[in-house]
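In: quick one, what's the 3D model for this:
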Amino acid sequence: MKKRCWITEHPLDVNSVVNQASRREAGAINTFIGTVREFTKGKRTLFLQYEAYPAMAEKKLEQIAEEINQKWPGSETVIVHRTGRLEITDIAVIIAVSTPHRADAFEASRYAIERIKEIVPIWKKEHWEDGEEWIGNQKETKSGIPVKEENS
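Out: Take a look at the predicted model:
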């Protein structure tokens with residue numbers, strides 16, 4: 001049985017994620033694809049570096065998929081997040097949610113990305129022309145900074 005939520009350092013494949021979420025009972029499959037943008041608040045991003053605690057991150061992603069299943073019965077959720085160095089336009093995260101009806105698929109996808117930002121131990125370091133900074137502050141992590149960074 002394939003995992004429905006995972007972390008990888010490899011480029012992400014939208015079609016494989018959608019195919020995994022697809023099923024005969026679904027009337028809709030909504031995908032959210034998060035990509036690396038070049039400008040944030042007027043600053044030019046050169047690239048991003050994502051780090052994660054994979055074992056815990058996958059458990060939290062699975063928790064989100066379960067929460068979606070409880071809130072939107074009959075749903076199927078697949079979430080994959082990339083780590084490592086990502087260049088501008090690279091895909092950082094794919095969420096695919098299939099549901100019997102389209103409104104639920106849209107709502108569940110938005111729920112998933114917001115929950116990822118809240119509880120999943122994945123950290124993003126933005127590299128700009130004039131510096132770099134860790135971004136994000138998940139509620140269940142210490143200051144949004146990976147522990148290994150604090151101890152190095």
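
In: where does the protein have its least confident helix or strand?
Out: The weakest-scoring helix or strand in the chain, judged by mean pLDDT, DSSP states H and E, is helix 147-151 (a mean of 39).

In: tell me the residue furthest from the middle of this protein?
Out: Asp130 (26.9 Å; Cα atoms, centre = their mean).

In: report the contact partners of that one.
Out: By Cβ atoms under 8 Å, 6 or more residues apart in numbering, Asp130 lies in contact with Lys43. In short, each C-beta sits where N, CA and C put it, glycine included.

In: again, only using 10 Å
Out: Applying Cβ atoms under 10 Å, 6 or more residues apart in numbering, one finds that Asp130 lies in contact with Lys43, Arg44.

In: repeat that for Glu25.
Out: Contacts of Glu25 (Cβ under 10 Å, 6+ apart): Gly74, Ser75, Glu76, Ser98, Thr99, Pro100.

In: so of the residues you listed, which two are at opposite extremes in space?
Out: Glu76 and Pro100 (10.4 Å; Cβ to Cβ).

In: tell me which of these two has more neighbours.
Out: Legend: neighbour count by other Cβ atoms under 10 Å for Glu76 and Pro100, higher for Glu76 (22 against 15).
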